[in-house]
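Enquirer: Provided below for reference: sequence and predicted model.
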Amino acid sequence: MHPFRFNTRRLGVIMTLLATSLLLAGAAASDETCESPYSAKITGREDFVYVWTVGEEGLGDGSDKLVTIDVRPGSKTYGEVIHHVSVGGRHEAHHGGFSDDRRHLWLAGLDTSHIFIFDVATDPARPRLVKTITDFVRDTGGVVGPHAIYALPGRQLIAGLSNSKNHGGRTALVEYNNEGDFVATHWIPTAADPMGVENASAADGFGYDVRVLPRRNIMLSSSFTGWSNYMMDFGKLVQDPDAMKSFGQTCVLWNLHTRKPLKVFHIPGSPLEIRFAWGEDHNYAFTAAALTSKLWLVHEDERGAWQATEVGQIGDPAKTPIPVALSISSDDKLLFVTTFTDGTCRIYNVEDPFHPSLVTEEVIGRQLNMVSQSWDGTRVYFTSSLLSNWDKREKDNEQYMKAYTWDGKKLALDFAVDFNGASLGRPHLMRFGSASLYN
């Protein structure tokens, strides 16, 4: 290997590890626990919660929108909506994330594959739409449904859900730079196109979430289903045997530096969100399989090899609770797990990650999706909407954002925002905003 190329690569790895160490060292004051280790951190309590919201025909302007809720203690508008901005039309608003400098919030639409970039630094109380990426499918070579958006240095790593060829589950990880320019597409391996991965026979090519552990030079992706399924009415979906077979059953381990897939883990039942532990010697991540209600641990063993181990059952599988979101506490002691169909948050002690134990559970609403937890562990926020065609109907179609205080033993409601009553739509993703971060 050319010596200059070798030294440059080695320097890049060293700088990545150094940057990550500095970020984690400064993260202890606050911020949401699911943020990228590369992302700038809020150094005090969050001031706002940004809620990415699915538009609903006949409700307000019917468009997807970004809603700002004031969570500043003592504010006259505490617990209230203080701003919202529509993006025009319904795109199946779902997930997104901040740029590494946290000045912009990238939010995606699963249906149209549009990405909306908001300036949250100029006026954090009133985010402003500054760019819309409409050529995602073309530029990426056919990736459909941008989902998880995760900050890397100067980049955004985007996990797709589908493809334009057949709208099935085969998809890719995609990179854009912070200016919104396409950089690269990394297709997820399949048994037919294994790309040299270990356990290739299990590879299905599906995608959903992506998270990184820089000090071990790895990233991990999970799997869900394709456009044909997630845009289908849920009642029809569960009655369609072929559709129910088209759900991901894998997580994929990647080399973070080279973006090369290394190993496939067979995790039945569609593993969704991934949450890496934060401790400097905690080399593991949790994921939950939606269709089997199983909790899994992806971990490095004593030989340095990565494995996937089933470690727990979430609720009663006969009632199909559908675990959908995870939040790990900053000290790695607790794992918050939300389940959609029974509207419940279950909190597990995971100090021994191989043997989670249930601490308590709380019914949040008739349906429940996302959970976001503050770094100090005292504040927990929830939203209700899963997908516009999967949400419950009529009286069970609650649409809310709720804020709770966690005292280590129980959740206590602080306030709730009724998105139906406010004609705002279906609230999905939450991200924290700060007025002091940019001063």
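Expert: That came through, no problem.

Enquirer: residues in contact with residue 188?
Expert: The contact partners of residue 188, taken as Cβ atoms under 8 Å, 6 or more residues apart in numbering, are 170, 171, 172, 173, 203, 205, 206, 207, 221, 252, 261. Yep, even glycine has a C-beta here, placed from its N, CA and C like the rest.

Enquirer: Let me see the backbone angles for it.
Expert: Phi and psi for residue 188, reported as degrees, to the nearest 10, are phi -80, psi 140.

Enquirer: One more: residue 113?
Expert: With angles defined as degrees, to the nearest 10, residue 113 sits at phi 60, psi 30.

Enquirer: Give me the neighbour count for it.
Expert: By the measure other Cβ atoms under 10 Å, the count of residues near residue 113 is 25.

Enquirer: repeat for residue 268
Expert: Residue 268: 15 neighbours (other Cβ under 10 Å).

Enquirer: Quick check: it touching residue 296?
Expert: No: if you go by Cβ atoms under 8 Å, residue 268 and residue 296 don't touch, sitting 9.6 Å apart.

Enquirer: rewinding a little: just the buried residues from the contacts of residue 188, in PyMOL please.
Expert: What follows is the PyMOL syntax selecting those of the contacts of residue 188 that are buried according to 16 or more other Cβ atoms under 10 Å:
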select buried, resi 170+171+172+173+203+205+206+207+221+252+261
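
Enquirer: Now go through the contacts of residue 188 and say which are in strands.
Expert: Secondary structure from DSSP state E places 172, 173, 221, 252, 261 of those in strands.

Enquirer: What is the burial count for residue 397?
Expert: 15.

Enquirer: Look up how far residue 94 lies from it.
Expert: Counting by Cβ to Cβ, to the nearest Å, the gap from residue 397 to residue 94 is 18 Å.

Enquirer: For residue 261, which residues are in contact?
Expert: 186, 188, 189, 195, 196, 197, 252, 253, 254, 255.

Enquirer: Go again with 10 Å.
Expert: Residues in contact with residue 261 (Cβ atoms under 10 Å, 6 or more residues apart in numbering) are 173, 186-189, 194-198, 200, 203, 219, 221, 252-255.

Enquirer: Just give the closest residue to the most centrally placed residue in the chain, not the sequence neighbours.
Expert: By Cα atoms, centre = their mean, the chain has its centre lying nearest to residue 148, at 5.3 Å. Leaving aside its sequence neighbours, residue 148 sits nearest to residue 159 (Cβ to Cβ, 6 or more residues apart in numbering; 4.2 Å).

Enquirer: Please apply the same query to residue 399.
Expert: Of all residues not flanking residue 399 in the chain, residue 419 sits nearest, at 4.2 Å (Cβ to Cβ, 6+ apart).

Enquirer: what's the answer for residue 164, then?
Expert: Of all residues not flanking residue 164 in the chain, residue 142 sits nearest, at 4.2 Å (Cβ to Cβ, 6+ apart).

Enquirer: coming back round to it: mutual contacts of residue 268 and residue 296, please.
Expert: 289, 310.

Enquirer: How many residues are close by the residue nearest to residue 399?
Expert: 26.

Enquirer: cool, and residue 307?
Expert: With other Cβ under 10 Å as criterion, residue 307 counts 14.

Enquirer: Repeat that for residue 200.
Expert: For residue 200, the neighbour count with other Cβ under 10 Å is 17.

Enquirer: what's the answer for residue 161, then?
Expert: Residues within reach of residue 161, counting by other Cβ under 10 Å, total 29.

Enquirer: Tell me the spacing between the residue nearest to residue 148 and residue 317.
Expert: Distance, residue 159 to residue 317, using Cβ to Cβ: 26 Å.

Enquirer: out of the two, which sits in the busier spot?
Expert: Remark: of residue 159 and residue 317, residue 159 carries more neighbours, 28 against 13, as counted by other Cβ under 10 Å.

Enquirer: Quick check: residue 362 touching residue 405?
Expert: No: under the criterion of Cβ atoms under 10 Å, residue 362 makes no contact with residue 405, lying 11.9 Å away.

Enquirer: which neighbours do these two share?
Expert: By Cβ under 10 Å, 6+ apart, residue 362 and residue 405 have these common neighbours: 380, 411, 412, 413.

Enquirer: Now list the buried members of those.
Expert: The neighbour-count test (16+ other Cβ under 10 Å) marks 380, 411 as buried among the shared contacts of residue 362 and residue 405.

Enquirer: Closest to residue 272 out of the shared contacts of residue 362 and residue 405?
Expert: Comparing these against residue 272 with Cβ to Cβ places residue 380 closest, at 18.8 Å.

Enquirer: list the contacts for the closest one?
Expert: Residues counted as contacts of residue 380 (Cβ under 10 Å, 6+ apart) are 327, 336, 345, 347, 362, 364, 371-374, 402-406, 411, 414.

Enquirer: all strands for the stretch 301-439 of the chain, in order.
Expert: For the stretch 301-439 of the chain, the strands defined by DSSP state E, counting those that start in this stretch occupy 306-313, 323-328, 334-339, 344-349, 357-363, 371-373, 379-383, 400-406, 411-418, 426-433.

Enquirer: Please name whichever of these is nearest to residue 45.
Expert: Closest approach to residue 45 among the strands of the stretch 301-439 of the chain is made by strand 379-383 (8.1 Å; Cβ to Cβ).

Enquirer: Extract the CA atoms of that closest one and return them as CSV.
Expert: Output of strand 379-383 as CSV, limited to C-alpha atoms (Å, rounded to 0.1, in the frame of the first residue of the first chain):
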residue,chain,number,x,y,z
ARG,A,379,-38.0,13.6,31.2
VAL,A,380,-39.6,11.2,28.8
TYR,A,381,-41.7,12.2,25.8
PHE,A,382,-44.1,10.0,23.7
THR,A,383,-45.9,10.3,20.4
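
Enquirer: Parallel or antiparallel, list what pairs with it.
Expert: Strand 379-383 has its sheet partners listed here by DSSP bridges as strand 371-373 (antiparallel), strand 400-406 (antiparallel).

Enquirer: Report the angle between the last one and strand 357-363.
Expert: Think strand 400-406. Interaxial angle, strand 400-406 versus strand 357-363 (axes from the mean of the first three to the mean of the last three Cα atoms, to 10 degrees): 140 degrees.

Enquirer: just the CA coordinates of strand 400-406, formatted as CSV?
Expert: What follows is strand 400-406 as a C-alpha-only set of coordinates in CSV (Å, rounded to 0.1, in the frame of the first residue of the first chain):
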residue,chain,number,x,y,z
TYR,A,400,-50.8,13.1,20.9
MET,A,401,-47.5,14.2,22.3
LYS,A,402,-47.2,13.5,26.0
ALA,A,403,-44.5,14.6,28.4
TYR,A,404,-43.7,12.6,31.6
THR,A,405,-41.4,12.9,34.6
TRP,A,406,-39.5,9.7,35.5
